[in-house]
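> would you be able to build a 3D model of this:
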Amino acid sequence: MRPREKSTELYASSREEFNNEPVVFCKHCLSLAIRVIDREDEDLDYCDHCGSTDLGKTDIETWEFMYKQRILKKL
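This next block holds a predicted model:
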């Protein structure tokens, strides 16, 4: 395998791993700016942009698609 082929293969592999990593987002404004407050007795995570506590979890590609759809609706 040539060095360029190996580099391309490693890039594709790491990109796939990155895309499989879940992201937490605000369902109200789709922001990724989520504040996490660790307390044993309750869940206090919230959106730092709008203050909503209605959060979701998905992969980055799905989030990008949702974000683009929201932006296109505003245009």
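
> where does G51 sit: helix, strand or coil?
coil (DSSP: H, G, I helix; E, B strand; the rest coil).

> neighbours of it, just the number please.
Using other C-beta atoms under 10 Å, the number of residues around G51 comes to 11. For every residue, glycine as well, the C-beta is placed using N, CA and C.

> quick one: it and L44, what's the gap?
G51 sits 12 Å away from L44, taking C-beta to C-beta, to the nearest Å as the criterion.

> could you do D59 as well?
25 Å.

> the more surrounded of these two?
D59 (14 against 11).

> would you check that the more buried one makes contact with F18?
No - with contact defined as C-beta atoms under 8 Å, D59 does not count as touching F18 (9.4 Å).

> identify the residues contacting L44.
Counting by C-beta atoms under 8 Å, 6 or more residues apart in numbering, L44 touches I37, T53.

> what lies in contact with stretch 24-37?
23, 44-50, 52, 54-58, 63, 66-67, 70.

> any chance you could map the strands in this structure?
For the chain, applying DSSP state E gives strands covering 22-26, 34-35, 46-47, 55-59.

> can you count the residues close to V36?
Neighbourhood size, V36 [other C-beta under 10 Å]: 10.

> now the one residue sitting closest to the centre of the chain: how far from D41?
The residue lying closest to the centre of the chain (C-alpha atoms, centre = their mean) is V23, at 3.3 Å. Look at V23 and D41: by C-beta to C-beta, they are 26 Å apart.
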